[in-house]
Structure formats: structure tokens, C-alpha cells
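[1] okay, here's the prediction I keep looking at, along with the sequence it came from:
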Amino acid sequence: GDGVPNPVDGQLPLKAVRAFPEMSWADWEPINERGQNIPLRPIILASPNDGSNRLFMATQQGVIHVFENQPNVKSSKVFLDLTEKVSYSDKENEEGLLGFAFHPKYKENGQFFIYYTSKAKPHTSIISRFKTSGNDPSKADAAFEEEIMQIEQPFWNHNGGTIAFGPDGYLYIGLGDG
């Protein structure tokens, strides 16, 4: 009544616009050979703050894509594929790759951190440090992983996932209420 849009009636003056509408995600097809839908399940879009104008998108299944931060970008590259280590199931969809953060000095040290659920130990959360390949900044060093923390979880759900560096330089980890 007072001229302010009411979000309850669905009449907000907003329009959703698809980001990167021409994007083809490397090594991902939306439908498998049996015609079943395969969700992409993006969990975070992050900038390394290194002046490269690149974005990184991590999926819950364990793949991190890198691409140029341009609205008309057409394709991504796989930065890191951890699907062999990451436990993810559509039926237990609160596990998987759940957090991804760049070190505040990523431009100098190439380090980043990932929070994921391990295939090797069911219902176990892993926080690990990784680094970029020395010869290609668009690839992670697939052979390097330094495990920082391992936390057993009682169930597959309520595992949280957000990890981020605070202004104090510390890595904060949202583990959920397990």
C-alpha cells in the first residue's frame, strides 16, 4: 500500500539474469548415457585476487573449474579434479567438496584450501592445503595435498562447508553441527 514492493506477493521489480550464459563446463555433460540428469552442483564461485581476472567454480562432486571473468566466456578448464577422493552422492547430498578458499597471498605462494568429505574414510571431513602447478597457473598440482585436519562426522548431513580467510589471516572453517 505504501509503494514499497511486497516480496510475499512475488511482485519485486527484479529480473534474474543467467551468469555466463554461453559457458560450456569442461569435462561435464548434463545428461549421462542413460539419459539421466547429471547436476553440476556448483558450491562456490571465487576470485584468487591475483590480478588475473579469472574466476574459479568448485562443484560438490569435487571438480574445480577456472575461466576468464567475462560475461561472454564460452568455456572453462579443469583446474583440479578430486572426484577420486571426494565422497558425493545425490542421495546423501550434504557431503562432497564443501569449501574452497584461496590463501590471502595466493599471488605469491599459489596456495589454496579445500574442505571435502573423504571417500577413503566414510563420513570424514578433510581440510587440506593444495598449490598451483609451477608451470601452469590454470592447473593445480594434482600430486600435492597437505592434510591439515581430519574430522569424523556422525552422519552424512549437517556438514557445513564454508571456509574463508578472515581479516586476521586465519582460515575459518564452518563444520556444521555434526
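    Yep, it's here.

[2] all strands of this structure, in order?
    42-46, 54-59, 63-68, 77-81, 97-102, 111-117, 124-131, 146-152, 163-165, 171-173 (DSSP state E).

[3] name the helices or strands packed onto the second one?
    Using 3 or more CB pairs under 8 Å, 6 or more residues apart in numbering; DSSP states H and E as the contact criterion, the secondary-structure elements in contact with strand 54-59 are strand 42-46, strand 63-68, strand 97-102. The C-beta positions use only the backbone N, C-alpha and C, and glycine is treated the same way.

[4] tilt between the first one and strand 54-59?
    Counting by axes from the mean of the first three to the mean of the last three CA atoms, to 10 degrees, strand 42-46 lies at 160 degrees to strand 54-59.

[5] of the helices and strands packed on strand 54-59, which is nearest I114?
    Nearest of the helices and strands packed on strand 54-59 to I114, taken as CB to CB: strand 97-102 at 5.5 Å.

[6] ok, the closest one: who's next to it in the sheet?
    strand 111-117 (antiparallel) (DSSP bridges).

[7] quick one: least confident helix or strand in the chain?
    When the helices and strands of the chain are scored by mean pLDDT, DSSP states H and E, strand 146-152 comes last with a mean of 90.

[8] only alpha carbons, please: show it as CSV.
    The C-alpha trace of strand 146-152 is given here as CSV (Å, rounded to 0.1, in the frame of the first residue of the first chain):
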residue,chain,number,x,y,z
GLU,A,146,48.8,-31.5,2.6
GLU,A,147,46.2,-32.6,5.0
ILE,A,148,45.7,-30.1,7.8
MET,A,149,42.7,-31.5,9.7
GLN,A,150,40.6,-34.7,9.7
ILE,A,151,37.2,-34.7,11.5
GLU,A,152,35.0,-37.7,11.8
